[in-house]
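Novice: Below are the sequence and a predicted model for it; my questions follow.
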Protein chains: 2
Amino acid sequence: MSAIGRFYSRAGLVEREMERLVPRAGRPAEVYGLLWEFLDLGGKRFRPLLALASSRACGGRDSDALPAAAAIELFHNFTLIHDDIEDDSQMRRGKPCLHIRHGVPLALNAGDGLFMLVWRAALSIKSPRSAAVQKTMLDAFTAVLEGQARELGWHRRHAWDLTAEDYLSMVGGKTAALVQASCSVGALCASAKPAQVKALASYGHSMGVAFQIQDDVLNLCGEEEKYKKEIGGDIREGKRTLMVLHALPRLDSADAKRLRSILDSQSAGQADIDWAIGRMRSTGSIDYASKYARSLIGKSLSQISKLPKSEAREELEAVARFITERES
Amino acid sequence: MSAIGRFYSRAGLVEREMERLVPRAGRPAEVYGLLWEFLDLGGKRFRPLLALASSRACGGRDSDALPAAAAIELFHNFTLIHDDIEDDSQMRRGKPCLHIRHGVPLALNAGDGLFMLVWRAALSIKSPRSAAVQKTMLDAFTAVLEGQARELGWHRRHAWDLTAEDYLSMVGGKTAALVQASCSVGALCASAKPAQVKALASYGHSMGVAFQIQDDVLNLCGEEEKYKKEIGGDIREGKRTLMVLHALPRLDSADAKRLRSILDSQSAGQADIDWAIGRMRSTGSIDYASKYARSLIGKSLSQISKLPKSEAREELEAVARFITERES
């Protein structure tokens, strides 16, 4: 089996742990029924699998990291339920979103219920380092929320006084903090040395930022059949991506004004989207973002080169490389 | 000073602890600025003050229970922020609700941020019983969410297959669980004996249910100037109160049908509201609910009669008695 195949082969372990943590027949069904409706939509379980591989890369077992890994996956799903409400998204994994099916009140409340289960899972972690694990998780969860708030705030006040650093700091919270925590929590659960925990945290952080940048790039240049989301959807939603913030100071003032107004309109047509993508290509911004993501993956790989050679390290290397090679 | 005066005289302690737990200058302002906008609206701080009095009634100090007490008050505020979104409320304590001022996305996210701070506060509790305190809090928080889900579900599916027991079980979660936890956590923080923790938990539970029933009664029969909310608002919102569920089987089928349809319309006019209140009066349902609340307060008082006589016990007795005497 390939290293990536080995990495994903443990998804069943995560699923079983989630079954343990979220009572499938729990009452009221307005909480637990909705949650399983959402959790059953699946997902790659990327973050918990990172935790398991990180644990093994530090000499631990899968089982050492499993409760924390599943708690992180539950938290990730909690953010998806609430983000879908915040963005008024319609579809998630090919099905209508939870708030579309059951209304905002029940979906919001079920999300809160999932967060209670995350806390419960965290409380149940039996590890000599359980205090550090809980603190790492809580710090990451807070950073995710803060990153999300920053981005929501940009949209709310039509902010354009933003730099690439603002983007990287926002993504460092919204996306990378949880990937980072998956890796460092995995290491902590294996009672790894501080230097190993730190190396895996850095690996996860760089990879998390690269993941988001690559996702933004695919949103503009992917092939719709493989990417499975609307190409250019980020432009319609007015997202301040690294590419947008790189392009704006490089466009003449008329083009910059038009790009800002397309993004702020929240209703761009296909011609506007095509024009915007063309301008970001001409300023070299898409190329810049792709290269930036690849350089972050290089940093990720160098961090874990300090870990002892192992099957798990190979898996971590393979999933990192795949971030910038993927087409979906 | 009266016993009730003494009880509320400690509100400043709670405020200062909340200042410690929620960073006023925290960034981004989209989280912490919004939270203080909400927390600064005030409130009686009833739940945390119950925790302090419960601690003192068991021989502890205010300071023993203060971090847990403030965490419970923060959780209560978290539920208010999310409930206002779920109910699409317009006003809270005389000001437009957070989601009205800042939009649903930022208000929802700020609520989530407050819950992170609740968890952080709970993690920081230094008590020989901190594990029991955390578990008690988490169980109560879960019960609150589940109670809220039940009530939302009733509205969503226009449920009328409900009994007084369904109402009491819903309120036992949505309202009473947190009042109960305030008391038992206060006792736990004072390292009280199990029988004392149990007595205070029962005291809090009965009082919490009585509080909600009395609130429902005042909503129909209060004086608008004192009650400060719209009289009959619960009828417009279609709430399944103890009075509604008591009245329905006692009305002839035409009147029962009309009452259900007024409640389901969510847009009852003043004539409909007056008619509904008149019917619930004629079936004796309002009287029944008032008496039921008073009997619960009697149960509350008998529970704490087992505690040693103290100033704090007097305060707990006085606030319980006030529940069914208040007009607002």
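Specialist: In hand now; what should we look at?
Novice: Can you name the residues of the stretch 151-300 of chain A sitting close to chain B?
Specialist: A:Leu152, A:Gly153, A:Arg156 (CB under 8 Å from any CB of the partner chain). Every residue, glycine included, has its C-beta placed from N, CA and C.
Novice: For the first one, list the residues it contacts.
Specialist: Pointing back at A:Leu152 there. Contacts were defined as CB atoms under 8 Å, 6 or more residues apart in numbering or on different chains; by that measure A:Leu152 touches A:Glu86, B:Glu30, B:Pro105, B:Leu106, B:Asn109.
Novice: who touches the residue in the stretch 201-328 of chain A that chain B sits nearest to in this structure?
Specialist: Closest residue of the stretch 201-328 of chain A to chain B, CB to the nearest CB: A:Glu237 (12.3 Å). A:Glu237 makes contacts with A:Asp87, A:Gln266, as judged by CB under 8 Å, 6+ apart.
Novice: Without its sequence neighbours, what residue ends up closest to A:Cys123?
Specialist: Slight slip there: residue A:123 is Leu, not Cys. Spatial nearest neighbour of A:Leu123, excluding adjacent residues (CB to CB, 6 or more residues apart in numbering or on different chains): B:Gln134 at 6.3 Å.
Novice: Same check on A:Glu311?
Specialist: A:Arg6 (6.6 Å).
Novice: Now do the SS call for that neighbour.
Specialist: Following DSSP: H, G, I helix; E, B strand; the rest coil, we place A:Arg6 in the helix state.
Novice: Does it touch A:Glu317 like I think?
Specialist: No: using CB atoms under 8 Å, A:Arg6 makes no contact with A:Glu317, being 11.9 Å away.
Novice: out of the two, which sits in the busier spot?
Specialist: A:Glu317 (20 against 15; other CB atoms under 10 Å in any protein chain shown).
Novice: can you pull the contacts of the more buried one?
Specialist: Taking CB under 8 Å, 6+ apart, one finds A:Ala3, A:Leu301, A:Ile304 in contact with A:Glu317.
Novice: ok, and for the helix or strand hosting it, which residues are buried?
Specialist: For A:Glu317, the element it lies in under DSSP states H and E is helix A:311-323. Buried residues in helix A:311-323, counted by 16 or more other CB atoms under 10 Å in any protein chain shown: A:Ala312, A:Arg313, A:Glu314, A:Glu315, A:Leu316, A:Glu317, A:Ala318, A:Val319, A:Ala320, A:Arg321, A:Ile323.
Novice: Quick one: mean pLDDT for that helix?
Specialist: Mean per-residue pLDDT for helix A:311-323: 98.
Novice: moving C-terminal of the helix or strand containing A:Thr136, what's the next helix or strand?
Specialist: Element membership of A:Thr136, judged by DSSP H and E, is helix A:130-156. Next helix or strand after helix A:130-156 toward the C-terminus (DSSP H and E): helix A:164-171.
Novice: The helix or strand following that following helix versus helix A:311-323: what angle between them?
Specialist: Per DSSP H and E, the first helix or strand lying C-terminal to helix A:164-171 is helix A:177-189. Counting by axes from the mean of the first three to the mean of the last three CA atoms, to 10 degrees, helix A:177-189 lies at 170 degrees to helix A:311-323.
Novice: And helix A:177-189, how far out from the chain middle?
Specialist: 13 Å (CA atoms, centre = their mean, to the nearest Å).
Novice: now for it, which elements pack on it?
Specialist: helix A:46-57, helix A:62-86, helix A:130-156, helix A:194-221 (3 or more CB pairs under 8 Å, 6 or more residues apart in numbering or on different chains; DSSP states H and E).
Novice: who does whichever helix or strand comes after the second one pair up with?
Specialist: On the C-terminal side of helix A:62-86, the closest following helix or strand by DSSP H and E is strand A:91-92. Paired strands of strand A:91-92, with direction, are strand A:95-96 (antiparallel) (DSSP bridges).
Novice: continuing past the strand it pairs with, what's the next helix or strand?
Specialist: Heading C-terminal from strand A:95-96, the first helix or strand you meet, by DSSP H and E, is helix A:98-102.
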